[in-house]
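Undergrad: Can you look at this prediction? I've put the sequence above it.
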Amino acid sequence: MMRVAAMICLVLCPLIAAPVLALTGRPFQTATTLLVVGSMSDLPDILRRAGGRPIGPTRAPFAMLAVADDHPKNFPERLKTEGAWLVLDGAIAAQLCGV
């Protein structure tokens, strides 16, 4: 059973890691929607302290779509400083969610 689990991990990990790494390497646009990943209980406070607000119809576990209220240029850095685990370009996710 352990061999099967190990083989599944060997196959799935690169498939999952590749898109995540591709998204993290993309430069941010100045007026973009961001996908912010972190502890769900802390995300609203993190967004508020960084000068942003959540958008979108619903919240996903450990992630939230957000926009900056002011100074969007350094918003990703402010989010990370305030405790976000990961900040990604959320333009595609926003389109899929109808935002």
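TA: The structure has been received and is ready for your questions.
Undergrad: Only C-alpha atoms from now on, for both contacts and neighbour counts.
TA: Will do.
Undergrad: now the strands for the chain?
TA: Taking DSSP state E as the criterion, the chain carries its strands at 34-37, 52-60, 63-68, 86-89.
Undergrad: would you turn these into JSON lines with mean neighbour count and mean pLDDT?
TA: Formatted as JSON lines, these follow (neighbours: other C-alpha atoms under 10 Å; pLDDT from 0 to 100):
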{"stretch": "strand 34-37", "mean neighbour count": "24", "mean pLDDT": "82"}
{"stretch": "strand 52-60", "mean neighbour count": "14", "mean pLDDT": "75"}
{"stretch": "strand 63-68", "mean neighbour count": "22", "mean pLDDT": "86"}
{"stretch": "strand 86-89", "mean neighbour count": "20", "mean pLDDT": "86"}
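Undergrad: Poorly predicted segments of the protein, please.
TA: 1-2, 6-7, 9-32, 56-59, 99 (pLDDT under 70).
Undergrad: Go again with 80.
TA: Filtered on pLDDT under 80, the chain yields the residue ranges 1-33, 39-41, 56-62, 70-73, 91-99.
Undergrad: quick one, helices of it?
TA: Using DSSP state H, the helices of the chain run over 2-24, 43-50, 75-82, 91-97.
Undergrad: and the second one, which residues are buried?
TA: By neighbour count with 16 or more other C-alpha atoms under 10 Å, helix 43-50 contains the buried residues Leu43, Pro44, Ile46, Leu47, Ala50.
Undergrad: who touches the second one in this structure?
TA: This means Pro44. The contact partners of Pro44, taken as C-alpha atoms under 8 Å, 6 or more residues apart in numbering, are Arg53, Pro54.
Undergrad: gap between it and Ile8?
TA: Pro44 sits 35 Å away from Ile8, taking C-alpha to C-alpha, to the nearest Å as the criterion.
Undergrad: try Phe75
TA: 38 Å.
Undergrad: list the contacts for the residue nearest to Phe75 when sequence neighbours are not counted?
TA: Nearest residue to Phe75, sequence neighbours excluded (C-alpha to C-alpha, 6 or more residues apart in numbering): Ala68, at 6.3 Å. Residues in contact with Ala68 (C-alpha under 8 Å, 6+ apart) are Gly51, Gly52, Arg53, Phe75.
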